[in-house]
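# Need coordinates for the below:
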Amino acid sequence: MQAGLSLTADTWYRVFLIMNPSTGAVDAGFDTSSTAANLIADAAGYTLYRRISWALTNSSSNIINWDHSGSSKHYAWDLMTVQLASAGSTSGANIAVQVPPSQEGVIMAQNYITTAVTNYFLLTQTDQANSTPSSVFQTVRGQNDAGFLAATNTNTINIKVNADSQIRQRTNETASFVYVSTVGWIDDPEQP
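Modelled structure (predicted):
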């Protein structure tokens, strides 16, 4: 199936099983469409489809390796990738992460602080309120009483991304340096 398919760089593909109900033949392929429209259009007689997974290409259009075991919905990247390593945004900023569109990501967050202040860092879905991080709303907290660059706690959280595979990050201090990495994702086959 899909002989000669050319994958686009840095693109999420849905992996589908498809079936020809007349013959019972089953095949598989990739599509960017949530309804397997392109895949089915190329496969005469195939009308039934079910998304079974996701695949992401890198800048060379090669599929990035991930691990999945058994019947678990948990997927993990072979190599965890840092999506953000810069000063945090005090007004909130969206960042793209390696999570399939509209799925739940497993995200690791850490922030460093460069002044003697208490710092709060918050990750949210992009459709949630853009709240200021505080002792009530936070993903990671840090305090650097000595005024030196110091690592804070590292937290791993699950968070749903938007259709562009983005989440929002925000900090309460301009002295914050933020790291956000994608560990993997939790797949929900019911989500297109």
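# Quick check: which ranges of this protein have low pLDDT?
Scanning the chain with the threshold set as pLDDT under 70 gives 1-5, 70, 114, 116, 137, 140-153, 190-192.
# Tell me where this structure has helices.
37-41 (DSSP state H).
# Name the nearest residue to the residue nearest the centre of the chain, sequence neighbours excluded.
For the chain, the residue whose C-alpha lies nearest the mean C-alpha position (CA atoms, centre = their mean) is Val99; its distance is 1.9 Å. The spatially closest residue to Val99, leaving aside those adjacent along the chain, is Gly105, at 3.4 Å (CB to CB, 6 or more residues apart in numbering). Just so you know, the C-beta spots here come from the backbone N, C-alpha and C atoms, and that holds for glycine as well.
# so what's that neighbour up against?
By CB atoms under 8 Å, 6 or more residues apart in numbering, Gly105 lies in contact with Val97, Gln98, Val99, Asn158, Ile159, Lys160, Val161, Ile167, Thr182, Gly184, Trp185, Ile186.
# before we move on, what about Thr124?
Thr124 sits next to Asn130, Ser131, Ile159, Ile167, Arg168, Arg170 when contact means CB under 8 Å, 6+ apart.
# now the residues you listed: which count as buried?
When the contacts of Thr124 are checked for burial by 16 or more other CB atoms under 10 Å, the buried set is Ile159, Ile167, Arg168, Arg170.
# what's near enough to touch the nearest residue to Pro189 once chain neighbours are set aside?
For Pro189, ignoring the flanking residues on the chain, the nearest one in space by CB to CB, 6+ apart is Arg51 at 5.8 Å. With contact set as CB under 8 Å, 6+ apart, Arg51 has these partners: Arg14, Val15, Phe16, Ser34, Ala36, Pro189, Pro192.
# got it, and Glu104?
Contacts were defined as CB under 8 Å, 6+ apart; by that measure Glu104 touches Asn158, Ile159, Lys160, Val161, Trp185, Ile186, Asp188.
# Surely the second one is in contact with Gln169?
No: under the criterion of CB atoms under 8 Å, Ile159 is not in contact with Gln169, lying 10.6 Å apart.
# circling back: so can I have TSV of the buried ones among the contacts of Thr124 showing distance to Ala87?
Shown next, in TSV, are the buried ones among the contacts of Thr124 (distance: CB to CB, whole Å):
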residue	distance to Ala87
Ile159	21
Ile167	17
Arg168	15
Arg170	12
